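>>> what would the 3D arrangement of this be:
(one chain, ligands or ions: 1)
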Amino acid sequence: MSSTAHPGPSPSADLLGWTRAELERHLFAHGIKPVHADAVWAGLHRERRTCIESMAAVPPRVRRELAATGVFVGGCEVAREIASSDGHTRKYLLRLRDDEVIETVLMRFDGRMTACISTQVGCAMGCVFCATGQGGFRRNLSAGEIVAQVLHVAGVLAAEGHRLRNIVLMGQGEPLHNYDAVLRAVDILIDQKGVSLAASRITLSTVGLVPGIRRLADEGRTVSLAVSLHGATDAERLALVPIAKRWPLAELMDACRDYTARTGGRIFFEWTLIEDKNDSPAHAAALGRLLAGQKAQVNLIPLNPTEGYDGTPARHAHAKAFQAVLREAGIPSTVRQRRGIDIAAGCGQLAGTERRG
Ligand code: SF4
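The predicted structure is shown next:
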């Protein structure tokens, strides 16, 4: 099947990809009283109904009339579910309407529940150590497909009496390469009559697409921003992140400074620690210089293994030494615990295949 095929109705008719205002306008345009919009919206985003017919709080006549307008509830089906051996991480392989499979991860650490959401099928950025990048790009996800992942995880947690409060757009894909759909999904997810996530608890992770960062600042977006660096010089970064050729560090840092100045927020800088590649005190010192004057927090992530890259994770002692140099430079940092590795659910491991587990 073609990677861009969308059999059946157009994704633009997927109610999960609509804002509440768009739903209200649609009802009005089709002679349905907009007063029913709240019940439909709650059916989609609070009750997580998978079809219009099952929205019990919506009068049957309204359900029939709405369905007759050609809209539908998209969603995805669980193709496979894999739990990590420590029970903290659960990976869902979700099948989309065109049979593409994406991965969504639920992480439970220290009482905090976070969903890691994909934004594309595959990825065009080609970061050398990332399983998604190694597989190439297939297509963008629609806003509805992004929302559907969140609703799936929210449903899993709701069944256990928990509420989903945190999401990270760090799954498969580069969110800023699919800007419109991703930010539309954010708008839908922060709607207070729906999933009602706080924008500050939505972390958008980019490998450094400067125009997208500038657009976030222009639009005054208040999501948390994470920027993956991995190298503090253009040459070192380019060896790991091909897109660095297009947007060199000077441009990227300029956009980051502008973003923090205009939004008032800080930026999380992600650094995958690879033994003998970028894990020495000298690398840490270079990163400290690069981030001087930035409102920054660094997340150090020991490399997670993938089939297509033969690097090894930095040793714990090296990660600690790296962190000490950053501390000296006045830059706060954390060393991420490696979790979900046994089910290939760690950072950079999401391949969108069913070959593991
Ligand atoms: S690390 Fe992110 S941006 Fe880079 S290839 Fe993987 S999914 Fe794409």
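>>> so what's the predicted local confidence for Glu270?
Looking at Glu270, its pLDDT reads 97.
>>> what's the neighbour count on it?
Neighbours of Glu270 under the rule other Cβ atoms under 10 Å: 20. For every residue, glycine as well, the C-beta is placed using N, CA and C.
>>> now it. Nearest residue, chain neighbours left out?
Ser228 (4.3 Å; Cβ to Cβ, 6 or more residues apart in numbering).
>>> could you measure from Pro18 over to the ligand?
Quick fix: residue 18 is Trp, not Pro. Separation of Trp18 from the ligand (Cβ to the nearest ligand atom, to the nearest Å): 27 Å.
>>> same check, this time on Tyr259
From Tyr259 over to the ligand (counting by Cβ to the nearest ligand atom), the distance is 18 Å.
>>> which residue ranges of the stretch 101-250 of the chain form helices?
Remark: helices assigned in the stretch 101-250 of the chain by DSSP state H, counting those that start in this stretch are 131-135, 143-159, 179-189, 210-218, 234-238, 249-263.
>>> buried set for the last one?
Buried residues in helix 249-263, counting neighbours by 16 or more other Cβ atoms under 10 Å, are found at Leu249, Leu252, Met253, Ala255, Cys256, Tyr259, Thr260, Thr263.
>>> for the residue of the stretch 251-357 of the chain at minimum distance from the ligand, what are its contacts?
Using Cβ to the nearest ligand atom, the closest approach of the stretch 251-357 of the chain to the ligand is made by Gly348 at 5.5 Å. Residues in contact with Gly348, defined by Cβ atoms under 8 Å, 6 or more residues apart in numbering, are Cys127, Phe129, Cys130, Ala131, Thr132, Thr272, Leu303, Asn304, Thr306.
>>> check Phe109 too.
His88, Gln337, Arg339.
>>> circling back to that earlier point, for the contacts of Gly348, give me TSV that also has distance to Phe28 and neighbour count.
Formatted as TSV, those follow (distance: Cβ to Cβ, whole Å; neighbours: other Cβ atoms under 10 Å):
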residue	distance to Phe28	neighbour count
Cys127	45	22
Phe129	50	23
Cys130	45	26
Ala131	46	25
Thr132	41	28
Thr272	49	28
Leu303	53	23
Asn304	49	22
Thr306	50	21
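>>> how much space separates the residue of the stretch 201-350 of the chain found nearest the ligand from Asn166?
Closest to the ligand within the stretch 201-350 of the chain is Val207: 4.0 Å, counting by Cβ to the nearest ligand atom. The gap separating Val207 from Asn166 is 21 Å, by Cβ to Cβ, to the nearest Å.
>>> more neighbours: the two, which one.
Neighbour comparison, Val207 and Asn166: the larger count goes to Val207, with 28 against 17 (by other Cβ under 10 Å).
>>> ok, now which ones touch the residue nearest to Glu270?
By Cβ under 8 Å, 6+ apart, the neighbours of Ser228 are Cys127, Ser205, Thr206, Val207, Gly208, Val241, Phe269, Glu270, Trp271, Thr272.
>>> now, which of those lie within strands?
Among these, DSSP state E puts Ser205, Thr206, Phe269, Glu270, Trp271, Thr272 in strands.
>>> dig out what the third one forms beta bridges with.
With DSSP bridges applied, the residues forming beta bridges to Phe269 are Val227, Val298.
>>> tell me the contacts of it?
Per Cβ under 8 Å, 6+ apart, neighbours of Phe269: Ala226, Val227, Ser228, Leu229, Leu287, Leu291, Gln294, Ala296, Gln297, Val298, Asn299.
>>> neighbours around the residue of the chain found nearest the ligand, how many?
In the chain, the residue that lies nearest the ligand is Gly133 (2.6 Å; Cβ to the nearest ligand atom). The number of residues packed around Gly133, counting by other Cβ under 10 Å, is 26.
>>> mind starting the numbering at 40 from now?
Let's use 40 as the start, then, which means that last one is Gly172.
>>> quick one: stretch 353-365 to chain centroid distance?
Mean C-alpha position of stretch 353-365 versus that of the full chain (Cα atoms, centre = their mean, to the nearest Å) differs by 27 Å.
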